[in-house]
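# Have a look at this fold, sequence not included:
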């Protein structure tokens, strides 16, 4: 069975409690599970300054969710976000079509290990000699 991968970024009012944010996210989780989808991850990005005021708010709490499902599922998730008083704005984007849920779960498991392996290589590159400096020993 293959599904489509989506990501939704939600901007929530900054003046509400963490419990109210969790209640909004629970509605998203419930819509995904009832719609036959699979929630991959929900990440809290925290409170950030908005580029322009939305509903008289200069800041917002950003939450990012990845999930697998179909068009009907996206419509249901967006409907739940639209009727919520705590949500200032949201945007859903299709990332990939025909995604295998089991393969996606394996990728999520392996990704932290891959990212950790990359860090020492990046540090070694930053410690390399600056450009324009010859690494060979000078002739006597």
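Nice, thanks for sending it over. Predicted, not measured: the structure shown is a model, and the values here were computed from it. Numbers count the residues shown, from 1 in each chain.
# Every contact and neighbour count from this point should use C-alpha atoms.
OK.
# Point out where the protein drops to low pLDDT.
1-2, 99-140 (pLDDT under 70).
# Could you give the number of residues near residue 74?
When counting by other CA atoms under 10 Å, one arrives at 23 neighbours for residue 74.
# Show residues contacting the host helix or strand of it.
Taking DSSP states H and E as the definition, one finds residue 74 inside helix 71-82. Outside helix 71-82, the residues within contact range by CA atoms under 8 Å, 6 or more residues apart in numbering are 24, 27-28, 31-32, 35-37, 87, 90, 92.
# where do the helices sit along this protein?
18-34, 71-82, 101-126 (DSSP state H).
# between the first one and helix 71-82, how big is the angle?
Taking axes from the mean of the first three to the mean of the last three CA atoms, to 10 degrees, one finds that helix 18-34 is oriented at 160 degrees with respect to helix 71-82.
# which helices and strands does helix 18-34 pack with?
strand 38-54, helix 71-82 (3 or more CA pairs under 8 Å, 6 or more residues apart in numbering; DSSP states H and E).
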